[in-house]
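> got a predicted structure here, sequence first:
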Amino acid sequence: MKRTFLLLLWALALVAQAQYPAILTQRDQAKVVDELLEDRLRNVLPGLMRKEGIDMWVIISREYNEDPVIRTLLPATWFAARRTTMLIAFDRGPDRELEYLAVSRYDVGKMFKRAWNPDENPDQWGQLARIIEERNPKKIGINKAVHWGHADGLTSNDFDQMMKALNKKLHERVVSAEKLAVAWLETRTEREMAIYQQICRIAHEIIAEGFSDRVIQPGVTTTDDVVWWYREKIKELKLDTWFQPSVSIQRNEADAITAKRPQPLVIMPGDLLHVDFGITYLRLNTDTQQHAYVLRAGETDAPEYLRSAFRRGNQLQDILTNNFKEGVTGNKILAETRKTAIDNGITPSIYTHPIGFHGHAAGTTIGMWDMQGGVPGTGDHPMKLKTAYSIELNCSVYIVEWKKEIRIQLEEDGYFDESGFRYIDGRQTELILIPKPDKINKQKP
């Protein structure tokens, strides 16, 4: 296990040296995913279950209608549930490890052991009920939830089947595992965070390459050309993505004129570019938004008014992350951030979300673009330690030279623990320049 983990860190350390990021083979990726899962099941889930007072967690999922949680519990070589997959985590007491069972024909990975022989007893639901009754748990958690879709994966039919099979005396012990499921999904481990930095770095390097003259020829390349370059690069590097990238332009002309131009837009000198981009690797996701400026002839830097506007975006990021505190709700963080930003002359829009096993992950929600007064339910969730977030926001800045407002739209992945908040692989603090100034200098006689 240790050797595989060191192999991962070694391979990802080559990112800075290689022309393209170094990515583990599919086989080595699977080893790392399984090791991370075992670590989480042994060292994370027991404490979460005891904190939430649930001594049995039952996850049921059918093929092609998967519970969002189940993918995080399956081994790397399982891409989905099979037929009806039933997994059980049972707390046998504070001095013992959790018992992991699969009401299945076979073990599910290394941890969930087979607990059903269909040749002897074809009734899978009856076997599930028997296992529950034999262990006599005080609280039986199931994935039914009001606020988080991530924790609401038990279908109506499967719930009915379970309750029908279960002894009626146990019905009152069946409770929502919403808080447990959210805690499981949002909590990041030390090993995950050691890996996450390199994953974010890979994403940053792909963005930088796409926003360069290796990809963009001003006057020729369109925004869609860059979007599809990003998609092809993701596949070339054996990565995945959880959403379609987007590339957009703000330029020194009336927005109405820009909108009337043939779409997709051709990238031109003087354009302010924006990208929204994410990758999925080792079951962890990134979500990043950055800006680039296309230099005009004779320029070696972006105009000061654009650099100044960009600094406002960084300032808004700082105001937000300075408000991160354990136990404070996302809605309170949102309100305090907006007040401070407005007091400092910034026009903010904040829509920060957790990141991890899902792109828009479970956990503390800090605003949505259309809910700047607070988000019911998920915004009331208190911020926890050892959680990761996409710091997603924008600020509107009036550009006198362009006679209009522009939006600085930023998003960077960060982590919050006992030491405070930090960006997982840093953040953009200067506009990316196309082409890079050093290339311009080399071309001078």
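Great, that's in hand. Numbers count the residues shown, from 1 in each chain.

> so the residue lying closest to residue 435 once chain neighbours are set aside is in which element?
In this structure, residue 435 finds its nearest non-sequential neighbour in residue 213, 4.2 Å apart by Cβ to Cβ, 6 or more residues apart in numbering. All C-beta atoms are positioned from the backbone trio N, CA, C, and that covers glycine. For residue 213, there is no host helix or strand (DSSP states H and E).

> what's the spacing between residue 213 and residue 79?
Note on residue 213: its distance to residue 79, by Cβ to Cβ, to the nearest Å, is 39 Å.

> neighbour count winner among these two?
Using other Cβ atoms under 10 Å, the more surrounded residue of residue 213 and residue 79 is residue 213, with 15 against 9.

> tell me the contacts of residue 349?
367, 369, 372, 393-396 (Cβ atoms under 8 Å, 6 or more residues apart in numbering).

> mind telling me the two of the residues you listed farthest from one another?
Spanning the widest gap among those are 367 and 396, at 15.3 Å by Cβ to Cβ.

> with neighbour numbers in mind, choose between these two.
Ranked by neighbour count (other Cβ under 10 Å), residue 367 and residue 396 place residue 367 first, with 27 against 14.

> quick one: average pLDDT of stretch 173-190?
Average pLDDT, stretch 173-190: 98.

> oh, that last question was meant for stretch 141-153, not what I typed.
96.

> same check on stretch 370-390?
97.

> how long is it from one end to the other?
17 Å (Cα to Cα, to the nearest Å).

> stretch 167-187 now?
34 Å.

> how far is it from where the chain is centred?
24 Å (Cα atoms, centre = their mean, to the nearest Å).

> got the buried residues for that stretch?
Neighbour counts over stretch 167-187 (16 or more other Cβ atoms under 10 Å) mark 173-187 as buried.

> again with stretch 359-373
359-368.

> in helices, which of the buried residues of stretch 167-187 appear?
178-186 (DSSP state H).

> can I get stretch 119-139 as PDB, trimmed to CA atoms?
Output of stretch 119-139 as PDB, limited to C-alpha atoms (Å, rounded to 0.1, in the frame of the first residue of the first chain):
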ATOM      1  CA  ASP A 119     -28.400 -20.700  -4.100                       C
ATOM      2  CA  GLU A 120     -29.600 -21.500  -0.500                       C
ATOM      3  CA  ASN A 121     -31.900 -18.500   0.000                       C
ATOM      4  CA  PRO A 122     -33.000 -16.600  -3.200                       C
ATOM      5  CA  ASP A 123     -34.800 -13.900  -1.100                       C
ATOM      6  CA  GLN A 124     -32.300 -11.000  -1.000                       C
ATOM      7  CA  TRP A 125     -34.600  -8.700   0.800                       C
ATOM      8  CA  GLY A 126     -35.400 -11.400   3.400                       C
ATOM      9  CA  GLN A 127     -31.600 -11.900   3.900                       C
ATOM     10  CA  LEU A 128     -31.200  -8.100   4.400                       C
ATOM     11  CA  ALA A 129     -33.900  -8.100   7.000                       C
ATOM     12  CA  ARG A 130     -32.400 -11.100   8.800                       C
ATOM     13  CA  ILE A 131     -29.000  -9.500   9.000                       C
ATOM     14  CA  ILE A 132     -30.500  -6.300  10.500                       C
ATOM     15  CA  GLU A 133     -32.600  -8.200  13.000                       C
ATOM     16  CA  GLU A 134     -29.700 -10.400  14.100                       C
ATOM     17  CA  ARG A 135     -27.600  -7.300  14.900                       C
ATOM     18  CA  ASN A 136     -30.500  -5.400  16.500                       C
ATOM     19  CA  PRO A 137     -29.200  -1.800  15.800                       C
ATOM     20  CA  LYS A 138     -30.500   1.200  17.700                       C
ATOM     21  CA  LYS A 139     -30.700   3.400  14.600                       C
END
